[in-house]
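[1] sequence first, then the predicted structure:
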Amino acid sequence: MATQPLTATIPGPRARFGWRGQAITFLRDPIALMSALRRDYGDLAGVMRNHPWWMFAFGPAYNQQVLSDAALFHSTPIAPLTTPPSSALARLTRNLLSMNGDTHRQQRRLMLPAFHRKRVEGYRDEMVAITEAALARWRVGQQIDMARAMQHLTLCIASQTLFGVDATHDAGGVGSLIHHWMDGLESGGVMLLPKDLPATPFRRLLRLSDQLEARIVAMIAQKRANPGAQHDVLSMLLAARDEDGAALSDDELIGQASVIFVAGHETSSNALTWALFLLAQHPRVLADVQDELAAVLGGAAPTVEQLGRLPLLERIIKESMRLLPPATFMMRYT
């Protein structure tokens, strides 16, 4: 009895220019393509019909299945497959987000103490000072690019708390370098032509990776020369040891430093921007949360203890992240 091949069951569009054309469409506007695929083909769709190796799984049920079954669905480095394995780009993208199995568990155990709740709460004063300095520059009636303002705010906070670096007036600092590096990593030119050729975006990304790695290595050396002088996350990662006494190697520190900055800066700025955007669309909710803040804080910045007494604010942030996630898609391979 003849059986249908697996590819015959995969819904998707008949792409006129093949998967490369679909890739260009995706890079131009990922949200538009994903929305169209889900609308036209449901929660499971290929980038094109009968194309099994690039598929989209939408909705909470599929997200839970894909993200929780680590034995079947594996993380993969976000760098192009053509990245030289001994390059700075390869080391910068070799981190928790691209690790699996025992390696992921061992690295996660080493990093976890640096993100203990008490450790994070210890950054409260720095976060408040940086935020108040940013707000002091705003004026009533002034037009502000909120996305850019939140990017700068979280860049300064992440630089200070993760690396112990004041990024407020340092346009060429490590935080700014990582920001430009991420832009390069996500660019269409890098994805479509990942070749180390003159004048290509991929070569520029490789050179930028060299610069970023050099800055991180210099910070590691400076912190090793002054142990105990700082209490930022990178300093704690340098001191971390597992049950066998093993520490993170320099290559591991380089990769983990890049990913914690991206997680602490890029996604945080997206979450703040979308929350403020949604509050602007819902003035009654905005008025209610302003009343809550006034009643609990009286115009002052919140203490760590007071954060637990702001339930409406917490619900607003969580609902905003549900509606407009800071990261719009994730990749796994099987």
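    Right, received. Where do you want to start?
[2] what about the strands in the stretch 51-200 of the chain?
    Taking DSSP state E, counting those that start in this stretch, the strands of the stretch 51-200 of the chain run over residues 55-57.
[3] give me the number of residues near Pro60?
    Counted by other Cβ atoms under 10 Å, the residues lying close to Pro60 total 9. All C-beta spots, glycine's among them, are computed from the backbone N, C-alpha and C.
[4] any idea how far Ile144 is from it?
    Note on Pro60: its distance to Ile144, by Cβ to Cβ, to the nearest Å, is 34 Å.
[5] neighbouring contacts of the host helix or strand of Val289?
    In the assignment (DSSP states H and E), Val289 maps to helix 283-297. Here helix 283-297 makes contact (Cβ atoms under 8 Å, 6 or more residues apart in numbering) with 279-280, 302, 306, 309-313, 316.
[6] and which of those is nearest to Pro85?
    Nearest to Pro85 among the contacts of helix 283-297: Ile316, at 44.5 Å, using Cβ to Cβ.
[7] that closest one touches Ala275, doesn't it?
    Yes. Using Cβ atoms under 8 Å, Ile316 makes contact with Ala275 at a distance of 6.3 Å.
[8] shared neighbours of those two, which are they?
    Here Ile316 and Ala275 share no contacting residue, scored by Cβ under 8 Å, 6+ apart.
[9] just the mean pLDDT for the helix holding Val289, thanks.
    Averaged across helix 283-297, pLDDT comes to 98.
[10] where's it relative to the chain centroid, distance-wise?
    Here the centre of helix 283-297 is set off from its chain's centre by 29 Å, with Cα atoms, centre = their mean, to the nearest Å.
[11] what's the following helix or strand after it?
    helix 311-323.
[12] sort out which residues of that following helix are buried, please.
    Within helix 311-323, the residues that qualify as buried by neighbour count (16 or more other Cβ atoms under 10 Å) are 313, 316, 320-321.
[13] kindly report the same for stretch 271-284.
    Buried residues in stretch 271-284, counted by 16+ other Cβ under 10 Å: 271-275, 278-279.
[14] looking at those residues, which is nearest Asn50?
    Nearest to Asn50, judged by Cβ to Cβ, of the buried residues of stretch 271-284 is Trp274 at 35.8 Å.
[15] got the contact list for the closest one?
    Neighbouring residues of Trp274 by Cβ under 8 Å, 6+ apart: 320-321, 323-324, 326.
[16] what's Gly46 sitting at in phi/psi?
    When quoted as degrees, to the nearest 10, the phi and psi of Gly46 stand at phi -90, psi 160.
[17] in this protein, which residue is closest to the centre?
    For the chain, Ala263 is the residue whose C-alpha lies nearest the centre (Cα atoms, centre = their mean; 3.8 Å).
[18] which helix or which strand is home to that one?
    Assigning secondary structure by DSSP H and E places Ala263 in helix 250-281.
[19] now do that helix: distance to the chain's middle.
    Remark: helix 250-281 is offset 5 Å from the chain centroid, using Cα atoms, centre = their mean.
[20] what residues are bridge-paired with Tyr333?
    Tyr333 forms beta bridges with His74, as assigned by DSSP bridges.
[21] number of residues surrounding it?
    Tyr333: 8 neighbours (other Cβ under 10 Å).
[22] Asn226 now?
    Asn226: 9 neighbours (other Cβ under 10 Å).
[23] measure it to Arg119 for me?
    Distance from Asn226 to Arg119, counting by Cβ to Cβ: 19 Å.
[24] one more: Val289?
    Counting by Cβ to Cβ, the gap from Val289 to Arg119 is 28 Å.
[25] also Arg109?
    15 Å.
[26] so where's the stretch 201-334 of the chain uncertain?
    Under the criterion pLDDT under 70, no range of the stretch 201-334 of the chain is flagged.
[27] repeat the analysis, applying 90 as the threshold.
    Applying pLDDT under 90 to the stretch 201-334 of the chain picks out residues 215-216, 218-248, 250, 257-267, 327-331, 334.
[28] repeat for the stretch 1-150 of the chain
    The model of the stretch 1-150 of the chain has pLDDT under 90 over residues 1-10, 14-29, 50-53, 70-71, 76-82, 96-98, 104, 109-122.
[29] which residue ranges of it form helices?
    Listed in chain order, the helices of the stretch 1-150 of the chain (DSSP state H, counting those that start in this stretch) span residues 18-28, 30-41, 60-68, 88-92, 101-111, 117-121, 124-136, 146-158.
[30] output the fourth one as CSV, restricted to C-alpha atoms.
    Provided in CSV are the C-alpha atoms of helix 88-92 (Å, rounded to 0.1, in the frame of the first residue of the first chain):
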residue,chain,number,x,y,z
ALA,A,88,35.5,35.8,18.0
LEU,A,89,32.0,35.6,16.5
ALA,A,90,31.9,31.9,17.3
ARG,A,91,33.0,32.4,20.9
LEU,A,92,30.6,35.3,21.5
